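**Student:** here is a sequence together with a model predicted from it:
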Amino acid sequence: DAQGQPIASDFVNVWAAGRLTGDGHPALAYDWTIHKSMEVRAVGHAFANYYGWHYPPTFLFVASVLALIPILPATVMWFAITLPAYLVTVRSILGDRASYLLALGFPATLWNVTATQNGFLTAALIGGTLTMLERRPAAAGICLGLLSYKPHFGLLFPIALIAARQWRVMMIAAATAAVMIVLSWLAFGTDTWLAFFTATPKMTDAVLAQGLAEFGRLQSVFGFVRTQGGGEKFAWIVQIVTTIACMTTVYTLWRSRTAYELKAAGLVTLALIATPYLYIYDLVVLAVAISFLLRYALRHGLLTAEAAGLALIAGLLLAYPYVKTQVGLGAALVVCALIAWRVRTHQLAALSASPASSS
């Protein structure tokens, strides 16, 4: 800032939790008062906001390593690890060096950097799962298991895997998550897991019921209803109905003979829409969906409507600081519309090419 002091941002909650863990008190990362005092220590001055630690104890392994160094170099290290992982993931989908420009230029990338958040890691794990699903199921399962650090984004993946009969990936993902849980229990103790389970309802109430983090910042269906003045119960009803619709759509899509790129893009986008807990930096994951959609579109010819849709998505995400509504949700819905259009045209092309249609 103007005084030469570090500005408190979201990463401070990771460093503070890691420092408490390094000091031998991992359970205290879930104590809001003590955790906040460690955040103040991290940046060297008091600040108004509180950046809560909402992650399961498995993520304390990462936090404790990052907290071995001061917060500013730790922030640089965090991006030095997660940004390349995100770039490589997008490159693996599109297969061209120009994909780096897409990944870096995607507007949600900017918001993830300014918030010092973990959108790059989430996108890399989701993209890694889907790029390796068919040829490297073991690696795909490990990526999906590691996504358990943000379990609300993995809600639809078991449904897709069941529909695709990807039993091996499911078992490896479950085993990976289980190993991480056991290791964290051995490393950090039962008290830490109990503290996590005690703090989670408190966090849910603060964010989703009381709106202490502002409902306008939530980029979900739930956040949209609350921003428009809807009550908590009504918002949950709309979100649950939306989530069930997403689950049904994913199962139907992954049981169909639609191109894999469209299945992957649909799963990623609907996974974002299905959760009530979604922030603008999480929309980095949408770049993975767009990459799969572009891979299909470039192979079959990019449509004018798709180019216009991509421009609209970029405009919506860039408008985030200036528009007090769920522009991220709007962008995800535009991606859904583009995928649905391609799925429809793909199915019509398959029907016209079938022997029955020819006869």
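**Tutor:** Good, I have the coordinates.
**Student:** burial count for Ala98?
**Tutor:** By the criterion of other C-beta atoms under 10 Å, Ala98 has 9 neighbours. No exception for glycine: its C-beta is placed from N, CA and C like everyone else's.
**Student:** alpha carbons of stretch 153-172, as CSV, please.
**Tutor:** Backbone C-alpha positions of stretch 153-172 (Å, rounded to 0.1, in the frame of the first residue of the first chain) are rendered in CSV as follows:
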residue,chain,number,x,y,z
PHE,A,153,-16.8,-28.6,-6.8
GLY,A,154,-16.7,-32.4,-7.1
LEU,A,155,-20.4,-33.0,-6.5
LEU,A,156,-21.3,-33.9,-10.1
PHE,A,157,-18.2,-35.9,-10.9
PRO,A,158,-19.4,-39.2,-9.3
ILE,A,159,-22.5,-39.0,-11.4
ALA,A,160,-20.6,-38.5,-14.6
LEU,A,161,-18.2,-41.4,-13.7
ILE,A,162,-21.1,-43.7,-12.9
ALA,A,163,-22.8,-42.8,-16.2
ALA,A,164,-19.5,-43.5,-18.1
ARG,A,165,-18.8,-46.6,-16.0
GLN,A,166,-15.4,-45.2,-15.0
TRP,A,167,-15.2,-47.4,-11.9
ARG,A,168,-11.4,-47.4,-11.7
VAL,A,169,-11.2,-43.6,-11.7
MET,A,170,-13.9,-43.5,-8.9
MET,A,171,-12.0,-45.9,-6.7
ILE,A,172,-8.7,-44.2,-7.1
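**Student:** buried ones in that stretch, by neighbour count?
**Tutor:** Within stretch 153-172, the residues scored as buried using 16 or more other C-beta atoms under 10 Å are 153-161, 163-164, 166, 169-170, 172.
**Student:** tell me which of the residues you listed fall in strands.
**Tutor:** Of these, none are assigned to strands by DSSP state E.
**Student:** closest to Gly309 among the residues you listed?
**Tutor:** Leu156 (22.3 Å; C-beta to C-beta).
**Student:** ok, residues contacting stretch 324-342?
**Tutor:** 108, 216, 218-221, 223-224, 227, 262, 265-266, 269-270, 272-273, 278-280, 282-283, 286, 289-290, 293, 296-297, 303, 305-306, 309, 312-313, 316-317, 319-320 (C-beta atoms under 8 Å, 6 or more residues apart in numbering).
**Student:** buried set for it?
**Tutor:** Neighbour-count burial for stretch 324-342 [16+ other C-beta under 10 Å]: 325-336, 338-339, 342.
**Student:** select, from these, the two members most distant in space.
**Tutor:** So, the buried residues of stretch 324-342 by C-beta to C-beta: farthest apart are Thr325 and Arg342, at 27.2 Å.
**Student:** wouldn't Ala29 be in contact with Arg19 here?
**Tutor:** No: between Ala29 and Arg19 there is no contact, the gap being 9.1 Å when judged by C-beta atoms under 8 Å.
**Student:** mind checking the SS state of Val225?
**Tutor:** helix (DSSP: H, G, I helix; E, B strand; the rest coil).
**Student:** what about it, how many neighbours?
**Tutor:** Neighbours around Val225, by other C-beta under 10 Å: 23.
**Student:** show the contacting residues for it.
**Tutor:** By C-beta under 8 Å, 6+ apart, Val225 lies in contact with 234-235, 238-239.
**Student:** quick one: it and Leu208, what's the gap?
**Tutor:** Distance, Val225 to Leu208, by C-beta to C-beta, to the nearest Å: 11 Å.
**Student:** with Val43 instead?
**Tutor:** In terms of C-beta to C-beta, Val43 sits 27 Å off from Leu208.
**Student:** could you check how far Leu303 is from His45?
**Tutor:** 52 Å.
**Student:** nope, Gly211 is what I meant
**Tutor:** Noted for Gly211: a distance of 27 Å to His45, by C-beta to C-beta.
**Student:** what about Lys233, how many neighbours?
**Tutor:** 8.
**Student:** what about it? Give its phi and psi, please.
**Tutor:** phi -60, psi -40 (degrees, to the nearest 10).
**Student:** hmm, Ala209 is touching Gly231, no?
**Tutor:** No: contact criterion C-beta under 8 Å: Ala209 and Gly231 do not qualify, at 10.3 Å.
**Student:** who's more crowded, the two?
**Tutor:** More crowded of Ala209 and Gly231, by other C-beta under 10 Å: Ala209, with 13 against 10.
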